[in-house]
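In: coords please:
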Amino acid sequence: MTAEAHSHGVDEVCEAGRTLYERALRNGGVLTHEARDVPCLIDLGLLHPSIEDLEWLEPTAPAVSLHQLLRDIEDRIANERRREARLAALFEPLMRIDGRHTSSASDTPTLRVLSGSDRINRAITEAMAEATRELLCIQPHTGQRSAVAQARSLTRDQDLLSRGGRIRTLYQHTLRHAPSLLARYEQLRGDAEARSLDEVTDRLIVVDSTIAFIPANKDGSLALEVRHPALVDYFVTTFDRLWRLATPMYPQAVQRPSLNGVTPRQRAIAGLLIEGHTDSTIADRLGMNVRTARVHIAKLAATLGSESRAQLGYLIGRSGILDQEQEQDQEPSRER
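Out: Numbering: from 1, shown residues only. Okay, here's the model as predicted:
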């Protein structure tokens with residue numbers, strides 16, 4: 001053991017130090033170099049240099065050492081009590097000031113981790129029960145939910161609409177013709193709108209621009225409840241920008257036109273192809289299976305006259321279909 005590695009509390013004696021101290025008591029002392037690796041003995045005053053021989057350390061009597069160490073502890077306790085009294089005197093008049101404009105430990109935390117689908121859904125339901133203005137949602141996929149969960153979601157959405165609130169939801173394009181999704185909107189009565197994008201972010205729920213819920217892990221078993229105003233404002237701004245780029249699907253669907261024989265789905269795939277993504281990555285980001293993605297890629301290649309993957313990227317860039325798509329994406333925002 002080296003002196004650098006010798007680490008413990010300032011009032012403690014390690015086992016090696018105790019053994020050396022016992023030997024010093026029996027033999028009347030130890031050589032200085034023997035105590036080099038246990039500096040706690042000198043720091044605590046258990047060993048001290050001999051007046052007659054500086055290379056020799058003599059032991060202090062245990063009773064004397066104990067008395068000195070206890071007195072040091074008492075002095076520290078007295079100092080802490082004096083510090084306590086000074087702090088109490090400082091804060092006592094401050095605590096009489098009205099604290100309505102200050103935060104306290106009992107205030108609602110700005111970030112909270114929710115574990116388990118039941119706890120997550122309960123928190124969302126509680127937040128929506130107090131909502132009166134607007135619910136913003138990004139739903140990458142609808143998933144398989146039980147009849148109870150679907151009924152609970154439908155009820156809390158309808159309650160908000162009945163209070164005069166508004167609901168806006170973004171889905172992926174692959175869901176815009178899902179029968180169960182359209183049937184759900186047909187049951188709602190009120191100001192509910194839905195739009196779709198080729199790609200959307202992970203799930204997001206924002207209630208009345210004051211509370212947001214986002215995933216905290218990949219499998220969705222954890223969620224983050226966000227009440228920090230700056231973060232919630234950021235989520236709302238992000239949603240609004242995506243909303244302006246999205247294509248209306250409910251209550252009135254707008255069909256995006258093909259451009260030069262290239263469908264909207266193929267244009268989305270083209271954009272990812274020129275970024276160098278694999279077929280599986282493209283399928284995952286656009287919410288389809290790999291087989292369907294490859295069918296679209298083959299059709300796109302046939303339309304552009306490509307004979308290879310490398311040539312396809314070149315032809316996509318030369319065709320200008322992605323530039324035309326950017327212009328077309330502005331149409332929904334101009335309609336409203």
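In: can you tell me, leaving aside adjacent residues, what's nearest to the residue most central in space within the chain?
Out: Of all residues in the chain, the one closest to the mean position by C-alpha atoms, centre = their mean is A216, 5.2 Å from it. Closest residue to A216 apart from its sequence neighbours, by C-beta to C-beta, 6 or more residues apart in numbering: L222 at 3.8 Å. No exception for glycine: its C-beta is placed from N, CA and C like everyone else's.
In: please, which helix or strand holds A151?
Out: For A151, the host element (DSSP states H and E) is helix 147-162.
In: grab the CA positions of that helix and hand them over as PDB.
Out: Only the C-alpha atoms of helix 147-162 are listed here, as PDB (Å, rounded to 0.1, in the frame of the first residue of the first chain):
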ATOM      1  CA  ALA A 147     -60.600  -3.000 -26.200                       C
ATOM      2  CA  VAL A 148     -60.400  -1.500 -22.700                       C
ATOM      3  CA  ALA A 149     -57.500   0.700 -23.700                       C
ATOM      4  CA  GLN A 150     -59.100   1.800 -26.900                       C
ATOM      5  CA  ALA A 151     -62.300   2.700 -25.100                       C
ATOM      6  CA  ARG A 152     -60.400   4.600 -22.500                       C
ATOM      7  CA  SER A 153     -58.600   6.600 -25.200                       C
ATOM      8  CA  LEU A 154     -61.800   7.300 -27.100                       C
ATOM      9  CA  THR A 155     -63.500   8.500 -23.900                       C
ATOM     10  CA  ARG A 156     -60.800  10.900 -22.800                       C
ATOM     11  CA  ASP A 157     -60.600  12.300 -26.400                       C
ATOM     12  CA  GLN A 158     -64.300  12.800 -26.600                       C
ATOM     13  CA  ASP A 159     -64.400  14.500 -23.200                       C
ATOM     14  CA  LEU A 160     -61.900  17.100 -24.300                       C
ATOM     15  CA  LEU A 161     -63.800  17.700 -27.500                       C
ATOM     16  CA  SER A 162     -67.000  18.100 -25.600                       C
END
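In: residues in contact with that helix?
Out: Helix 147-162 is contacted by residues 121, 124-125, 128-129, 131-132, 135, 145, 167, 184, 187-192 when judged by C-beta atoms under 8 Å, 6 or more residues apart in numbering.
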